[in-house]
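1. sequence below, structure please.
(2 chains)
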Amino acid sequence: MALRFYNTMSRRLEEFEPIEPGHVRMYTCGPTVYGPAHIGNFRAYIFEDILRRYLKYKGYRVTQVMNLTDIDDKTIRDSQEAGITLQEHTRKFIEMFFHDLDRLNIERAEYYPAATEHIPEMVDFIQKLIERGNAYGSGGSVYYKISTFPRYGALSHMDMTGLKAGARVDSDEYEKESVSDFAVWKGWSERDGNVFWNTPLGKGRPGWHIECSAMSMKYLGEQFDIHTGGVDNIFPHHENEIAQSEGVTGKKFVNYWLHNAHLIVESKKMSKSEGNFYTVGALVEMGHNPIAIRYLLMATHYRQQLNFTSEALEASKKAITRLRDFRTNVEDARPGPDSDTAKWTVARAVEGFEAALDDDLNMSQALAAAFDFVREVNAVVAEQGLSEADKKAVLNALRRFDSVLGVVYVKEAGIDQRIDTLIRERNEAKKARDFKTADKIRSDLLDEGIILEDTPVGTKWKRKV
RNA sequence: GGCGGCUUAGCCAAGUGGUAAGGCGGAGGUCUGCAAAACCUCUAUUCUCCGGUUCGAAUCCGGAAGCCGCCUCCA
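-> Residues are numbered from 1 along each chain as shown, chains lettered A, B, ... in the order given. Predicted coordinates:
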C-alpha cells in the first residue's frame, strides 16, 4: 500500500511522492527557546519523530530541518528581566530542549538552524521581497504586502476581508498599509534594548515568519516535500511563510502540509492557572518514565486531540513493559519446532503495522497490530517454544517496529554488578528454603525500581518502567 | 461574531455504510515456594441525544447539547 498523508492544504488524503525519488526533505517547526518546552510542544516533536522514523523505515533518506527560534518578543523580554544577554538566556533552554529530546528518544534532525545565526540570509530574503514589490519599508520596519499575493489564505481557508482593523494589532505597527500585512523586519524600538542588528534594512531584528522561509530555503531548497507544525501554526505562521517563499520564488513552496492537533490534560486545556501545565522535567521528577510520556504522546493519532491523563500515563508504562517483556520472552524461549503459526503471525503483523502507518500514520492501529503480534507469538512460545529461525524472524519484526516506536530497544543504565551478587545470594537463600531472606532481597530491589523474576532459565532482572 | 474539530466500555483509544481493533483496569482459571511474566476464558446488543436516508449507520444527512481549537508572532 502506498503512503498517504492528510494535507492541510487540500484537506484530504494524498498519496505521498517526494520531489526527488528516495529522498524526503522536510521542515519541522521547532521551539521558541524562551522557557522549557511543555508536553504539548513535545506532542509535535514526537509526531515529527514518528514521521521521520517511518519515512526511514520505508527506505527513504530523510533530510529534516528544525528551527530554533531564539529571537522574539518573549526571549527579549525574559532575558532583559533576567539581566543577561539574549544568547545566555536562550542557550539554557536550547540545552534543556536537547536534553528532553534525548530523554524522549527523539531522533536528531539533520539541521537545527538558529534564527540569530541566519540574519544575513533573512536580510537577503527580505531585500528580494522588496525588489519584487511584495514588501515595503515603513517607519523603520518592513512589511509584507498581502494584497500582492492573491493566494493568501489558501492554507488556512480564511477570508482575510473579515479581519477587523485595529484588533490585536501591536501599537508599534501603525505604519502598516493594511492591518493584515505582517512584519518581516522589525525596526529597533526602545524595548528591544541591545538586541538588534545593523543591516542594509536598518537597525532592527527579523520578524518571526521570515526565519522559516529563509532557513528552509537555505537547507532544503526553494521547494521541498513536507512541512509540519501544530495546528496553531496554520494561521498565521505557515500562511505567511507561503506568501514569503512563493513571493520570492514564484514556485510552489511545499507539497505536503501536516499539522498535529493539540493535547488537553485531564480533559482540560493545559494552562498554568489550571495547574496542569507540565514539562518533561516536572513529570520525570514526579517519578514518571520519559519513555512512557513518549508512548502516551504517540499512541493517539496525530490529528486527534489527545487527552493526557495520569491514568493513561500509568497504562502507557504497562504497555511498554508488555512489549519489553515480550522481547525477553522470545529471546529466552525454549527451543521448539518450526511453527507455521509463528511465520504467519510475523507476516500478518508486518502487513498490519505498515498498512496502518501508511494510512496517514495511524499509530493506534499500528500498535494494535503490534499487540496482536505479541499475544499470538507469546501463545506459540508458551505452547511449544520457538525454533531458531522463528525466533530470529520474530525479533527482526519487533526490532523493525521499534525503529518507529522507539520504546523497546532503549539504552538504559548497564548491568549492575551489585544486582547480580544479590540475585546470587537470593538464589542460595531459596535453595536453603529461606524464603524470608529471598523475599527481602527481592522487595528491597523493587524499592529501587528493579524487578526480579524467576524463570525456567534462571532469575532475570529488569528496570521498572 | 466568523471558521474548524471532537463526543465510542471504569480510563486511554482505533474504526467513517455491512453488523464494535488494541492498551490499561476488573473477574475467574493454568503455572509458581510465594510472586512476576506468560497463556486461556469473561468484561460496550452498542457508539452524547433526537429525527431522517438505507435492506443495513458508530459510520451519510438534519437538529440539539457538551467539550476543544483558530481568527496576526501559542505545538
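
2. please save the CA atoms from the one helix or strand A:R424 maps to in CSV.
-> Assigned by DSSP states H and E, A:R424 belongs to helix A:417-431. What follows is helix A:417-431 as a C-alpha-only set of coordinates in CSV (Å, rounded to 0.1, in the frame of the first residue of the first chain):
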residue,chain,number,x,y,z
GLN,A,417,27.4,-5.9,39.5
ARG,A,418,25.7,-5.5,42.8
ILE,A,419,22.4,-6.7,41.5
ASP,A,420,24.0,-9.8,40.1
THR,A,421,25.5,-10.5,43.5
LEU,A,422,22.2,-10.0,45.3
ILE,A,423,20.5,-12.4,42.8
ARG,A,424,23.1,-15.0,43.6
GLU,A,425,22.5,-14.5,47.4
ARG,A,426,18.8,-14.8,46.9
ASN,A,427,19.1,-18.0,44.9
GLU,A,428,21.2,-19.5,47.7
ALA,A,429,18.6,-18.5,50.2
LYS,A,430,15.9,-20.0,48.0
LYS,A,431,17.9,-23.2,47.8
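
3. check which element follows it along the chain.
-> Using DSSP H and E, the helix or strand that follows helix A:417-431 in sequence is helix A:435-447.

4. how many neighbours does A:A319 have?
-> A total of 20 residues lie near A:A319 under the criterion other C-beta atoms under 10 Å. In short, each C-beta sits where N, CA and C put it, glycine included.

5. so what's the residue lying closest to it once chain neighbours are set aside up against?
-> Using C-beta to C-beta, 6 or more residues apart in numbering and skipping residues adjacent in sequence, the residue nearest A:A319 is A:Y295, 6.2 Å away. Residues near A:Y295 by C-beta atoms under 8 Å, 6 or more residues apart in numbering: A:316, A:319-320, A:405, A:407.

6. quick one: A:Y295 is in a helix?
-> Yes. A:Y295: assigned to a helix according to DSSP: H, G, I helix; E, B strand; the rest coil.

7. quick check: phi and psi on A:T309?
-> The phi/psi pair for A:T309 (degrees, to the nearest 10) reads phi -130, psi 160.

8. tell me where the stretch 301-450 of chain A has strands.
-> A:306-308, A:450-455 (DSSP state E, counting those that start in this stretch).

9. can I get the last one in CSV, CA atoms only?
-> It refers to strand A:450-455. The C-alpha coordinates for strand A:450-455 follow below in CSV (Å, rounded to 0.1, in the frame of the first residue of the first chain):
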residue,chain,number,x,y,z
ILE,A,450,14.5,-3.3,40.0
ILE,A,451,12.1,-6.2,39.3
LEU,A,452,13.2,-9.8,39.8
GLU,A,453,11.6,-12.6,38.0
ASP,A,454,12.2,-16.3,38.4
THR,A,455,12.0,-18.1,35.1
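
10. what strands line up against it, and which way round?
-> If you go by DSSP bridges, strand A:450-455 pairs up with strand A:458-463 (antiparallel).

11. can you tell me if the partner strand touches RNA strand B.
-> No. Taking C-beta under 7 Å from any atom of the strand as the criterion, strand A:458-463 and RNA strand B are apart, separated by no less than 7.9 Å.

12. just to revisit the earlier point, now the strands of the stretch 301-450 of chain A as CSV including mean neighbour count, distance to A:D192 and mean pLDDT?
-> Compiled in CSV, the strands of the stretch 301-450 of chain A are given as follows (neighbours: other C-beta atoms under 10 Å; distance: least, C-beta to C-beta, whole Å; pLDDT from 0 to 100):
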stretch, mean neighbour count, distance to A:D192, mean pLDDT
strand A:306-308, 20, 36, 91
strand A:450-455, 15, 53, 84
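
13. as JSON lines, these with distance to A:R53 would be great.
-> Converted to JSON lines, those look like this (distance: least, C-beta to C-beta, whole Å):
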{"stretch": "strand A:306-308", "distance to A:R53": "19"}
{"stretch": "strand A:450-455", "distance to A:R53": "28"}
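
14. so which of those gets nearest A:H38?
-> Closest to A:H38 of these, according to C-beta to C-beta: strand A:306-308, at 10.4 Å.

15. nearest to RNA strand B: which residue in the stretch 51-200 of chain A?
-> Residue nearest to RNA strand B within the stretch 51-200 of chain A: A:S180 (2.8 Å; C-beta to the nearest atom of the strand).

16. surely that residue touches A:I146?
-> Yes. Counting by C-beta atoms under 8 Å, A:S180 does reach A:I146; the two are 5.1 Å apart.

17. surely A:T63 touches A:R25?
-> Yes. Counting by C-beta under 8 Å, A:R25 is a contact partner of A:T63 at 4.8 Å.

18. so these two - more neighbours on which side?
-> A:R25 (24 against 19).

19. and the helix or strand containing that one, what other elements does it pack with?
-> Per DSSP H and E, A:R25 falls inside strand A:23-28. On a contact count with 3 or more C-beta pairs under 8 Å, 6 or more residues apart in numbering; DSSP states H and E, strand A:23-28 meets helix A:39-57, strand A:61-66, helix A:208-220, strand A:224-230.

20. which one of those lies closest to A:N194?
-> In terms of C-beta to C-beta, the element of these nearest to A:N194 is helix A:208-220, at 19.9 Å.

21. make a markdown table out of the helices and strands packed on strand A:23-28 and add mean pLDDT.
-> Converted to a markdown table, those look like this (pLDDT from 0 to 100):
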| stretch | mean pLDDT |
| --- | --- |
| helix A:39-57 | 96 |
| strand A:61-66 | 97 |
| helix A:208-220 | 95 |
| strand A:224-230 | 96 |
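
22. quick one, which of those is nearest to RNA strand B?
-> RNA strand B lies closest, by C-beta to the nearest atom of the strand, to one member of these: strand A:224-230, at 1.4 Å.

23. would you map the helices across the stretch 201-350 of chain A?
-> In the stretch 201-350 of chain A, the helices defined using DSSP state H, counting those that start in this stretch lie at A:208-220, A:239-249, A:280-285, A:290-299, A:310-331, A:340-358.

24. so A:T455 sits against A:E331, correct?
-> No. If you go by C-beta under 8 Å, A:T455 and A:E331 don't touch, sitting 11.2 Å apart.

25. got TSV for the contacts of A:Y295, with distance to RNA strand B and pLDDT too?
-> Listed next are the contacts of A:Y295 as TSV, based on distance: C-beta to the nearest atom of the strand, whole Å; pLDDT from 0 to 100:
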residue	distance to RNA strand B	pLDDT
A:S316	7	95
A:A319	3	95
A:I320	8	95
A:L405	12	97
A:V407	11	95
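
26. most neighbours, which of those?
-> Among the contacts of A:Y295, A:L405 has the most neighbours (other C-beta under 10 Å), with 25 neighbours.

27. thought A:A299 was touching it, still the case?
-> No. Using C-beta under 8 Å, A:L405 makes no contact with A:A299, being 9.6 Å away.

28. quick check: neighbours shared by the two?
-> Common neighbours of A:L405 and A:A299 (C-beta under 8 Å, 6+ apart) are A:L367.
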